[in-house]
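Visitor: predicted structure and sequence below. I'll ask about it afterward.
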Amino acid sequence: MCAREKCGRLESALRVRTATGADAATIAAVTNAAFAIETFIEGTRTDAHRIAEMMRTGIFLVGTPAEELLVASVYVETRGVRGYFGMLVVDPLYQGKGIGARMVQAAEDHCRERRCTAMDISVLSLRRELLPFYHRLGYAETGQEEFRPSRPLKRGVECYSIVMSKQL
């Protein structure tokens, strides 16, 4: 955690922009660093190729506190009147500074601008510690769905997705 004054400066200095294809490798690196605690998946969480594929369906918003330093990203899709965000990541060195909440706000704003009336996220059942964070941002559990990982789960691991939603 950082002192309130210092965190406020970092959060206010954070510039959020839409990622380009040139950002794919950096997004993958930050994602893999942030998701390194997910030891239930074989190998790394993603790679530049998968990020580039996801950019064909949705967008990534990236957070940069300095011109060339990418410290956060979030994947966003509009699905009719519903928005979806996933793969919210903050570089481990910058976690606990309000950046994650700022990135969620940016994802919600992006979807509001496209006339979405609700926002959804899927949280892995093995990451229940994330639920209170999303509750504080106004999300509530609305269902479950099958988890379709991009990489295989380790042998014997069972996981599903907890769907959380919020009215925009």
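Guide: Sure, I can see it.

Visitor: any stretches of the chain with poor pLDDT?
Guide: Low-confidence segments of the chain, defined by pLDDT under 70, span residues 1-12.

Visitor: residue closest to the middle of it?
Guide: Most central in the chain under CA atoms, centre = their mean is L88, positioned 1.1 Å from the mean C-alpha point.

Visitor: please enumerate the strands of this structure.
Guide: Counting by DSSP state E, the segments of the chain that form strands are 15-18, 59-64, 72-79, 82-90, 118-124, 140-146, 160-167.

Visitor: show me the contact partners of the second one.
Guide: Looking back up the chat, that one is strand 59-64. Strand 59-64 is touched from outside by 14-19, 23, 27, 51, 54, 70-77, 87, 90, 99, 102-103, 106-107, 110, with contacts defined as CB atoms under 8 Å, 6 or more residues apart in numbering. In this view, the C-beta of every residue, glycine as well, is placed from N, C-alpha and C.

Visitor: same thing but at 7 Å, please
Guide: By CB atoms under 7 Å, 6 or more residues apart in numbering, the residues outside strand 59-64 that reach it are 14-19, 23, 27, 70-76, 99, 102-103, 106-107, 110.

Visitor: filter those residues to the buried ones?
Guide: In terms of neighbour count (16 or more other CB atoms under 10 Å), the buried residues within the contacts of strand 59-64 are 14, 16, 19, 23, 27, 70-76, 99, 102-103, 106-107, 110.

Visitor: surely D120 touches G80?
Guide: No: between D120 and G80 there is no contact under CB atoms under 7 Å: 11.4 Å.

Visitor: between the two, who's got more neighbours?
Guide: Regarding D120 and G80, a neighbour count based on other CB atoms under 10 Å identifies D120 as having more, with 20 against 10.

Visitor: list phi and psi for M55.
Guide: phi -70, psi -10 (degrees, to the nearest 10).

Visitor: what's the closest non-adjacent residue to T142?
Guide: Once its chain neighbours are removed from consideration, T142 has its nearest residue in S165; the separation is 4.4 Å (CB to CB, 6 or more residues apart in numbering).

Visitor: what's near enough to touch the one you found?
Guide: For S165, the residues meeting the contact criterion (CB under 7 Å, 6+ apart) are 118-120, 139-140, 142.

Visitor: going through those, which ones are buried?
Guide: With neighbours counted using 16+ other CB under 10 Å, the contacts of S165 contain these buried positions: 118-120, 139.
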